[in-house]
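Enquirer: Kindly generate the corresponding structure for this input.
(chains A, B and C)
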Amino acid sequence: MDPMVIFDAGLALALVALSWAVLASADRFASVVLFIVLGLMVALAWVRLGAPDVALAEAAIGAGVTGALLLATLRHLRGQPEAPPSPAPVRWAVGGMVAAVTAALAAVVVALVAAPRPEGLAGAVADNLAMSGVEHPVTAVLLNFRAHDTLMEVVVLLVAVVVVWAIDRGLAPAHAPQGPLVDLGPVQDGFARLALPAAVLLGAYLLWAGAHAPGGAFQGGAVLAAVGILAILAGRWRPEPRHRAWARAAFGLGATVFVLVALGVGLGPRVAYEYPLTLAKPLILTIEAAVTLSIAATLAALFFGREPAGLTVPNTVPNTVPSTARGGRP
Amino acid sequence: MNIGAMTLAEAAGLGLMALGAGFFIAGTVGMLRFPDAVSRLHALTKADTLGLGLVVLGAMVMAATPGAVLRLGLIWICVALAGALGAQLIAAFVRRSGDGSGE
Amino acid sequence: MTAPGPDLIYGLAGLGMFAMGLYVAMTGTEALRRVLALKICAIGASFLLIVAAWRATPDGIDAVPHALVITGIVVMVSAMAVALALIRRIRALEDAHAAAGTPAAPPRPAPRRRTRPQQGTPR
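Expert: You can find the predicted model right below:
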């Protein structure tokens, strides 16, 4: 018997148990922390299943950035009572439906496992890899073969930050972050001084490595976003209204460069995204660098939440707001 | 793979990793059994940093290239720094919120 | 019967996460937990894609499903950010109502449930 089966079964059990704990835990904070742990476990499972790029993305974005977003939102929900559960008929009806769907899907999964191994698309990707301009198949798919998907993904991020700024514009001043979010003390400050440059380097490395190894724009962008989040948390950098124009430019940069390259290629004798072979690698790296900057700025802005302009509103009435907002901070 | 075919480096690496796993287990037991937050942190951070160090050392012994050895060392340094920072933040929070009497 | 391979083990685990996430997303009453449930549901669905990729090429990288899942992760973080902003905004509006001394209980954070005429004090 393969000893890996024990590892697989243990990890799979941990995944299911953690998911249950996230959903069933009575304490919101515990729920979020368990969710971050779950994200890291999922990343481990994806390494096991031979998907290191996905594991990097999940650990950086799914666990890291999402966890930071959740913790930032948690601050606003303190003291809110739990709502009563849904009525029993709803729960039974939904439960029955979910059970039926799951049973049908389980039958498919079991049948698939017994079926002969499928061909997959790895062969098709490998055959055309030489024409893509990069050596790593996932980057080739993301930035060349299915580049339109990736452009749409960048646009989704752009839309998300526009919507979040619009929603948060109406937040009451008491919910605005005041001063440095938390006074984290000198150790955090020293750590930030040490870690931030290293993390910038790591983000750039991940971007560069994406051309020939697991990594790429999304993972690198998430690491750079973490730099921004840490800088905001440590109070080393505060978004201010005069940064807004730069922020907007950074949000739009990725999509703009992507579209311009696609148009530039498409206006010639070629189809959009069909980069000429000699220019493919520089073009892809240009797009990736722009997209990385955009992702980093966007994810950090999503963490910060409100548009920097909102912060100046409490400052015009300095005596009323800070005392209430500073009250019971963890 | 059977035991006989193992090289000395593999045996040493696996031994170090097993030792490291033992420290992880000890740290986890400490976290579950110790009474208050600060002593739990004490168990967790020290045992885990040492445990990870041993696991990394084991992986270094088995690593193929000097580059891999260097990267493994970097991983250990980063995790140790992050663990120390996390422990310090939690401890500061515990002291602020209840002077050690809290959970 | 041989020992189950990782495709079966992780396929079923992903399916379990999908089912739990779907159930809580549809029946949950707390907004934050419903968002978490949706993400867990998405992770479960991604597991099926990654398992399919592993079955096709156990020793290599089947890049197309992997790229799809990475896209999914980024789209999911965007969707969650918007959902969390809505949650924050709803909470702020509730607080504003409470501060203004509105007599009725503030609306609960699950805005979709309008079927139950609950007037009592929330727990």
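
Enquirer: Next up, the contacts around the residue in chain A positioned nearest to chain C.
Expert: Relative to chain C, the nearest point of chain A is A:G120 (2.5 Å; Cβ to the nearest Cβ). (Each C-beta comes from the backbone N, C-alpha and C, glycine too.) A:G120 makes contact with C:53, C:55-57, C:62, according to Cβ atoms under 8 Å, 6 or more residues apart in numbering or on different chains.

Enquirer: And those, which is closest to chain B?
Expert: Nearest to chain B among the contacts of A:G120: C:T57, at 23.1 Å, using Cβ to the nearest Cβ.

Enquirer: Can you report how many residues neighbour A:L129?
Expert: Residues lying near A:L129 (other Cβ atoms under 10 Å in any protein chain shown) number 18.

Enquirer: Could you work out the end-to-end span of stretch A:73-84 for me?
Expert: With Cα to Cα, to the nearest Å as the measure, the ends of stretch A:73-84 fall 21 Å from one another.

Enquirer: for the record, mean pLDDT for it?
Expert: Averaging the model's pLDDT scores along stretch A:73-84 yields 77.

Enquirer: what about it and chain C, touching?
Expert: Yes: contact of stretch A:73-84 with chain C (Cβ under 8 Å from any Cβ of the partner chain) involves A:73-74, A:76-77, A:80-84.

Enquirer: quick one on the thing from earlier: pick the one among the contacts of A:G120 closest to chain A.
Expert: The closest of these, once distances to chain A are taken by Cβ to the nearest Cβ, is C:A56, at 2.5 Å.

Enquirer: So which elements touch the one helix or strand in chain B whose mean pLDDT sits lowest?
Expert: Ranking every helix and strand in chain B by mean pLDDT, DSSP states H and E puts helix B:66-98 at the bottom, with a mean of 84. On a contact count with 3 or more Cβ pairs under 8 Å, 6 or more residues apart in numbering or on different chains; DSSP states H and E, helix B:66-98 meets helix A:185-209, helix B:37-62.

Enquirer: and that helix with helix A:185-209, angle?
Expert: 150 degrees (axes from the mean of the first three to the mean of the last three Cα atoms, to 10 degrees).

Enquirer: thinking again about what came up before, for the residue of chain A closest to chain C, which non-adjacent residue is closest in space?
Expert: Once flanking residues are discounted, A:G120 sits nearest to C:A56: 2.5 Å by Cβ to Cβ, 6 or more residues apart in numbering or on different chains.

Enquirer: residue contacts, A:V113?
Expert: Listed by Cβ under 8 Å, 6+ apart, the contact set of A:V113 reads C:4-5, C:7-8, C:11, C:55.

Enquirer: Reformat the residues you listed as CSV; add pLDDT and secondary structure.
Expert: Below are those laid out as CSV (pLDDT from 0 to 100; DSSP: H, G, I helix; E, B strand; the rest coil):
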residue, pLDDT, secondary structure
C:P4, 80, coil
C:G5, 82, coil
C:D7, 85, helix
C:L8, 89, helix
C:G11, 91, helix
C:R55, 86, helix
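
Enquirer: Phi first, then psi, for A:A272.
Expert: With angles defined as degrees, to the nearest 10, A:A272 sits at phi -60, psi 140.

Enquirer: isn't it right up against A:V265?
Expert: Yes: between A:A272 and A:V265 a contact is recorded at 5.8 Å, counting by Cβ atoms under 8 Å.

Enquirer: For those two, indicate the residue with more neighbours.
Expert: Legend: neighbour count by other Cβ under 10 Å for A:A272 and A:V265, higher for A:V265 (20 against 17).

Enquirer: check which helix or strand covers that one.
Expert: helix A:244-267 (DSSP states H and E).

Enquirer: measure the closest residue to C:D62 other than its chain neighbours to C:Y10 for me?
Expert: Nearest non-adjacent residue to C:D62, counting by Cβ to Cβ, 6+ apart: C:A53, 3.8 Å away. Distance of C:A53 to C:Y10, given as Cβ to Cβ, to the nearest Å: 11 Å.

Enquirer: and the spatially most central residue of chain A, what does it touch?
Expert: For chain A, the residue nearest the mean C-alpha position is A:I61 (3.0 Å; Cα atoms, centre = their mean). Residues in contact with A:I61, defined by Cβ under 8 Å, 6+ apart, are A:218-219, A:222, A:299, C:73-74, C:77.

Enquirer: change it to 6 Å
Expert: Contact partners of A:I61, counting by Cβ atoms under 6 Å, 6 or more residues apart in numbering or on different chains, are A:222, C:73, C:77.

Enquirer: do A:A280 as well
Expert: Contacts here follow Cβ under 6 Å, 6+ apart; on that basis A:A280 touches A:G133.

Enquirer: ok, residue 36 - how many residues close by?
Expert: In the absence of a named chain, chain A is used. Look at A:I36: counted by other Cβ under 10 Å, it has 19 neighbours.

Enquirer: try again with chain C
Expert: Neighbour count for C:L36, taken as other Cβ under 10 Å: 28.

Enquirer: Now do it against chain A, distance only.
Expert: 6 Å (Cβ to the nearest Cβ, to the nearest Å).

Enquirer: Helix or strand: which one has that residue?
Expert: With DSSP H and E as the criterion, the answer for C:L36 is helix C:31-56.

Enquirer: pLDDT weak spots in the stretch 151-300 of chain A?
Expert: A:170-185 (pLDDT under 70).

Enquirer: For residue 70, which non-adjacent residue is spatially closest?
Expert: Let's take chain A. Excluding the flanking residues, the one nearest A:L70 by Cβ to Cβ, 6+ apart is A:V32, at 4.6 Å.

Enquirer: think we crossed wires, I meant chain C
Expert: Distance criterion Cβ to Cβ, 6+ apart; nearest residue to C:I70, sequence neighbours excluded, is A:A57 at 4.7 Å.

Enquirer: Give me the neighbour count for the one you found.
Expert: Using other Cβ under 10 Å, A:A57 has 29 neighbouring residues.

Enquirer: For it, give me its contacts.
Expert: A:218-219, C:70, C:73.

Enquirer: now the residue positioned nearest the centre of chain B: how far from B:R40?
Expert: Here the mean C-alpha position of chain B is nearest to the C-alpha of B:D48 (Cα atoms, centre = their mean), at a distance of 2.7 Å. Separation of B:D48 from B:R40 (Cβ to Cβ): 12 Å.
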